[in-house]
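> Give me a 3D structure for the following:
(chains A and B)
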Amino acid sequence: MSADPFDDLYRELILEHYKKPRNHGPIPTAPIHVEGVNPVCGDEIHIDMNVDEGIIKDIGFWGAGCSISQSSASMMTDRLKGRPASEAKDVMTEVRAMLIDGAPAGNDLGDLEALEGVAKLPVRVKCALLCWNVLDQGLTQAATTA
Amino acid sequence: MLDVARIREDFPILHQEVNGHPLVYLDNAATTQKPRQVINALVRYYETNNANIHRGIHTLAQRATEEYEDTRRKVARFIGAPNANDIVFTRNATEAINLVAHAWGDQNLVEGDEVVISIMEHHSNIVPWQLLAQRKGIRLRFAGLTPDGRLDMDCLRGLIGPKTRLVSLVHMSNVLGTINPVAEIAGMTHAAGALFLLDGAQSVPHLPFSVDETGADFLAFSSHKMLGPTGVGVLWGRDGLLQQMGPFLGGGDMIATVREEGSTWADVPHKFEAGTPNIADVIAFGAAIDYLESLTMPAVREHEIALTSLAMDRLEAIPGLTIHGPRDPLARGGVVSFEVDRVHPHDMATIADSHGVAIRAGHHCAQLLMRHLGVPATSRASFSVYNEPGEIDALVEAIEHAKQVFA
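A predicted model of the protein is given here:
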């Protein structure tokens, strides 16, 4: 990581996910729809997901917001699609620890590791967290409707 | 002409580096920095005169009371109000508007009455009326805007009618910079038999201001946007209006007598200043007014028109950049909201910060206006007396950098 927190924030991987988001757009057949806004800045994330027998079969997101909020969501869906919901919870815990407490990123985060630098700019942490808070709701819904 | 180099010497905070660059503070519509004279007034008060005001007999209480009341007279003079007792100190402009909504609105409005505002209002001039609508069943009506970000006067004229009891509008938009034709609006409002509340939070600090010329019946603004401390707002009411209103908050200092069967109220302004007020900051606010008066408000306005013109010219020359609000610098204040293609305002503000440039990004507490503009947020640069042309170069450089990052 560079000494300049701004270099770490706008890393190539983050910009790439922002410009070409993965799993972008609604999934009309998905049984779960969750959404969240950040009232401070107006950022918005919607997630559609289909959790079947404990596996996130499909997940899509859309919304409006800064590069950090949108790339975080893109990386999240990329990392979790096709994975067990239990694993999603573990990744969520790990990402939150990385963003909120500045804990080092583990090897299992994939592209999400690129968000590590966000922790150094406290005002932008909430941008990166938004999609995870929305996912949290989605996983809770999946668990109660299963 | 302002001597900006000399003015900058009065602002200790400006002489620092942020993220390796000289600080360029362009978030003045949110809050301004404070000159040494204001900071010294706070220190001097706490070191020499600190006491509770109005009821004390001892010398310090007298001194504190005199200085506190002295600021009330300065505020009255600054806005051209004939009577200092029509000046009420609140916590901020928001509280001043809430005071009117409660003390005047609850007492005078009934179901079916209408309050007219506009979609360019700050949330502080929307939400208190929505709450009043819930309490009293009044109807809240919203005037729209023209495509270039001015108040749609035909729309406003159509909304003001026999049911209108209050028109409450911003003088200068904190997003678009638009200066509204308040004297004309006051005329329309009074012709309908309604009262006119003016939100002067952005205008009083930056324009030569005379409350009489605006035609307002109530005026709300705050100290911290005009070089003074946070925690002090002002409500002014036209002669007699405040006297007719019942209290807002109850407690010490706002009573004449207290008996078991009930109490009677002190005269204005004390009726509306329950409890120990923000004495130190009110006194330091007086120093801020002295400072602005020493610069003279026409010179402040001239300086900010020049900076705004320059900023608009420089920003408009950047491909992919859009400025919101009127084109004419004379029709707007020193507030420039803009968007850059492919760069979200939060990213713009973070990259500007990496250059030491403090700008604001977000909805600026004006979500109705954001919806009208069709954007979730904007970036905003806003100017004050200590800003100089070279700082606009720094802003332009930061914008060019952001464009590269998101190219």
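> Was I right to think residue B:165 contacts residue B:114?
Yes: checked against CB atoms under 8 Å, the pair residue B:165 and residue B:114 is within contact range at 6.5 Å. Heads up, the C-betas are built off the backbone N, CA and C, glycines and all.
> Mutual contacts of these two, please.
With contacts defined as CB atoms under 8 Å, 6 or more residues apart in numbering or on different chains, the residues shared by residue B:165 and residue B:114 are residue B:138.
> any weak-confidence spans in chain A?
A:1-3, A:5, A:146 (pLDDT under 70).
> How about the residues of it by chain B?
Residues of chain A lying near chain B by CB under 8 Å from any CB of the partner chain: A:4, A:6, A:9-10, A:15, A:18-19, A:40-44, A:64-68, A:121, A:123-124, A:127.
> Keep only those of these that are in helices.
Applying DSSP state H to those, the entries found in helices are A:6, A:9, A:15, A:18, A:19, A:67, A:68, A:123, A:124, A:127.
> From those residues, pick the one nearest chain B.
residue A:6 (3.9 Å; CB to the nearest CB).
> measure the residue lying closest to that closest one once chain neighbours are set aside to residue A:66 for me?
Of all residues not flanking residue A:6 in the chain, residue B:354 sits nearest, at 3.9 Å (CB to CB, 6 or more residues apart in numbering or on different chains). According to CB to CB, to the nearest Å, residue B:354 stands 15 Å off from residue A:66.
> where exactly do the helices run in chain A?
Counting by DSSP H, the helices of chain A are A:5-9, A:12-19, A:67-80, A:85-100, A:122-145.
> Just name the most buried of those helices.
Among these, judged by mean count of other CB atoms under 10 Å in any protein chain shown, the one packed with the most neighbours on average is helix A:67-80 (a mean of 25).
> so it versus helix A:122-145, what angle?
Orientation check (axes from the mean of the first three to the mean of the last three CA atoms, to 10 degrees): helix A:67-80 against helix A:122-145 gives 40 degrees.
> Now do the same contact list for residue A:51.
Counting by CB under 8 Å, 6+ apart, residue A:51 has contacts A:32, A:57, A:85, A:138, A:139, A:142, A:146.
> any idea how far the fifth one lies from residue A:73?
Taking CB to CB as the measure, residue A:139 falls 15 Å from residue A:73.
> buried sites along stretch B:361-372?
Judged by neighbour count (16 or more other CB atoms under 10 Å in any protein chain shown), stretch B:361-372 contains these buried residues: B:361, B:362, B:363, B:364, B:365, B:366, B:367, B:368, B:369, B:370, B:372.
> In contact with residue B:204, which residues?
B:78, B:79, B:171, B:219, B:221, B:226.
> from memory the second one sits against residue B:209, does it?
What that stands for is residue B:79. Yes: judged on CB under 8 Å, residue B:79 makes contact with residue B:209 at a distance of 5.6 Å.
> got any residues that touch both of these two?
Common neighbours of residue B:79 and residue B:209 (CB under 8 Å, 6+ apart) are residue B:200.
> how's chain B carved up into domains?
B:39-293, B:296-405 (automatic domain parsing).
> want to throw the ones you listed into JSON lines with mean pLDDT and distance to residue A:98?
Shown next, in JSON lines, are the domains of chain B (pLDDT from 0 to 100; distance: least, CB to CB, whole Å):
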{"stretch": "domain B:39-293", "mean pLDDT": "96", "distance to residue A:98": "34"}
{"stretch": "domain B:296-405", "mean pLDDT": "95", "distance to residue A:98": "19"}
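> Could you point out which of those sits nearest residue B:30?
domain B:296-405 (5.7 Å; CB to CB).
> So for residue B:160, what's the nearest residue that isn't a sequence neighbour?
residue B:192 (5.0 Å).
> Touching, that neighbour and residue B:159? I think so.
No: using CB under 8 Å, residue B:192 makes no contact with residue B:159, being 9.9 Å away.
> for residue B:142, helix, strand, or coil?
What DSSP: H, G, I helix; E, B strand; the rest coil gives for residue B:142 is strand.
> Now do the contacts for it.
So residue B:142 contacts B:116, B:117, B:118, B:119, B:368 (CB under 8 Å, 6+ apart).
> How about the last one, nearest residue that isn't a chain neighbour?
What it means is residue B:368. Per CB to CB, 6+ apart, closest to residue B:368 is residue B:119, 4.2 Å.
> Was I right to think the one you found contacts residue B:367?
No: here residue B:119 does not reach residue B:367: they are 9.6 Å apart, not a contact under CB under 8 Å.
> Residue numbers of the stretch 301-407 of chain B in contact with chain A?
So the stretch 301-407 of chain B meets chain A at B:344-347, B:350-351, B:353-354, B:361-363, B:367, B:370, B:376-377, B:405-406 (CB under 8 Å from any CB).
> Now intersect these with the strands, please.
In this view, those that belong to strands under DSSP state E are B:361, B:362.
> and the nearest residue to residue B:48 once chain neighbours are set aside, what does it touch?
Taking CB to CB, 6+ apart, and ignoring the residues beside it in sequence, residue B:48 has residue B:63 as its nearest neighbour in space, at 7.9 Å. Listed by CB under 8 Å, 6+ apart, the contact set of residue B:63 reads B:48, B:49, B:51.
> ok and the residue in the stretch 51-200 of chain B nearest chain A?
Counting by CB to the nearest CB, the stretch 51-200 of chain B gets nearest chain A through residue B:123, at 11.2 Å.
> give me every residue that touches that residue.
B:365, B:366, B:367.
> Now do the contacts for the second one.
This points to residue B:366. Applying CB under 8 Å, 6+ apart, the residues contacting residue B:366 are B:120, B:121, B:122, B:123, B:173, B:174, B:175.
> Great, nothing more from me.
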